[in-house]
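S.K.: from the sequence below, what's the structure:
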Amino acid sequence: MDLQKSPEPRHQGEGCLVVAVRLPVRIVVLVLVVPVRMVWDALVVAGRLLRDTVLRPLGRALAWTGSALFVRPFVALWRYLLVPVGRALAWLGRVLVVVPAVWFHRYVLTPVGHALARLARGAGAGLAWTYARVLVPVGRALAWLLKGAGAVLAALGLGVYAAVAWLVRYLVLVPARLLYTWVLAPVGRAVAWCVRGIGWLLGLLVTAVGLALYWTARVLFVLPALALWRRVLAPVGRFLALVAREVQDALGHAWRIAGRISRAVGRALGTLLWWIFVEPVRWAYRTVLTPVGHAVRDAVLRPVAAGVRAVGRVAREALTTARDTVRQARAEFRRMLFGDPGQPVEADRREPVGRDTRTLGRSTTALTKD
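M.R.: Presented below is the predicted three-dimensional model:
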């Protein structure tokens with residue numbers, strides 16, 4: 001596929017530097033890439049030959065060996081040992097565990113559970129009667145007593161709460177409000193004004209120091225780095241990018257040209273090997289081995305085959321004659337011992353003629369009529 005690719009279109013607006021870099025780079029890359037491409041094509045051909053002649057048959061043999069040594073024994077073990085043993089164990093588990101457990105649940109646990117349920121329902125009915133007839137009246141009486149005691153305690157609590165609230169208001173809240181209004185609030189406002197002034201002074205100082213550090217760093221680091229980037233690194237980077245792009249394009253062109261050269265060399269070597277090895281073998285096969293084979297076939301193999309067929313035919317006829325002789329001798333011996341067998345009487349299977357035959361107007365036949 002690489003040999004069929006069309007060359008890439010040239011970039012528009014190329015300068016003299018690009019052209020000056022491109023030609024030597026492509027020449028050097030072509031000289032370096034042609035041996036690599038030829039070695040690569042040779043390795044590809046050798047790899048395909050190795051795959052087709054060695055690795056694929058070896059893989060098939062290994063697959064068959066693995067199947068014969070591992071898969072089939074495990075399949076046979078599963079099919080003829082584990083499956084029957086599993087079925088036997090499942091049957092034993094059903095007979096020894098499931099069936100007794102079902103019987104025990106049905107004939108022991110279920111009756112016992114029904115009896116316990118009846119006892120629980122009876123106990124529940126007794127507890128419900130006790131709750132309705134005893135506990136409810138007692139609870140209502142206790143609730144009435146507690147309600148009266150609660151009313152008395154609520155009246156006493158309201159009086160105590162009013163007294164405690166009046167004492168807390170005039171002994172704690174009023175002095176605290178006066179202290180906050182006339183002492184703490186003015187002091188806090190003064191402290192806040194002082195803190196804001198100190199913060200403004202610190203901010204002014206930090207801003208001045210930051211501006212000084214900014215301009216120092218800009219003059220000492222940023223401006224030299226920017227000049228280095230614009231005047232040195234960017235042009236060098238563009239030149240290196242140009243060289244890298246040209247090297248990449250040259251590698252592509254050289255790889256395709258090397259492919260064509262490698263194909264031509266391969267075809268030349270193939271033609272040379274054909275004329276050196278294959279064509280002499282074909283000539284020897286056509287001009288020497290084929291006439292010799294035909295002569296051997298006509299002079300030796302066909303007469304031998306005809307003689308073998310004749311011998312086989314004679315042997316078959318002799319065997320047939322011997323078989324018939326043995327059969328006749330056996331029949332004669334049987335006739336001497338038991339006599340001639342009686343002739344079998346043939347049954348008349350034809351339909352009767354005359355008035356007893358079957359007609360279209362009758363529903364019976366001669367064999368089924370009364």
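S.K.: can you read off the pLDDT for Arg302?
M.R.: If you check Arg302, the pLDDT there is 89.
S.K.: please apply the same query to Ile27.
M.R.: 75.
S.K.: that one: which element?
M.R.: In the assignment (DSSP states H and E), Ile27 maps to helix 16-50.
S.K.: just Pro175 next, same as before
M.R.: Per DSSP H and E, Pro175 falls inside helix 174-179.
S.K.: same deal with Ala315?
M.R.: Per DSSP H and E: Ala315 is located in helix 302-338.
S.K.: would you pull up how far that helix lies from the middle of the chain?
M.R.: Between the centre of helix 302-338 and the centre of its host chain there is 70 Å, according to CA atoms, centre = their mean, to the nearest Å.
S.K.: related to what we said a few turns ago, return the alpha-carbon coordinates of the helix holding Pro175 using CSV.
M.R.: Listed next in CSV are the C-alpha coordinates belonging to helix 174-179 (Å, rounded to 0.1, in the frame of the first residue of the first chain):
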residue,chain,number,x,y,z
VAL,A,174,-31.2,46.1,83.7
PRO,A,175,-27.6,46.4,85.1
ALA,A,176,-26.2,44.5,82.1
ARG,A,177,-28.0,46.7,79.6
LEU,A,178,-26.7,49.8,81.4
LEU,A,179,-23.2,48.4,81.4
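S.K.: quick check: what element follows that helix along the chain?
M.R.: That would be, after helix 174-179 and using DSSP H and E, helix 185-217.
S.K.: chain center to that next one: distance?
M.R.: With CA atoms, centre = their mean as the basis, helix 185-217 stands 67 Å off its chain's centre.
S.K.: what about the stretch 251-370 of the chain, any weak spots by pLDDT?
M.R.: Within the stretch 251-370 of the chain, the stretches with pLDDT under 70 are 339-370.
S.K.: rerun that using 80 as the cut-off
M.R.: Low-confidence segments of the stretch 251-370 of the chain, defined by pLDDT under 80: 253-254, 258, 333-370.
S.K.: pull out the buried residues from the lengthiest helix in the chain.
M.R.: The residue-count maximum for a helix in the chain (DSSP state H) belongs to helix 234-273. Neighbour counts over helix 234-273 (16 or more other CB atoms under 10 Å) mark 242, 246-247, 249-259, 261-262 as buried. Bear in mind the C-beta positions are built from the backbone N, C-alpha and C, glycine included.
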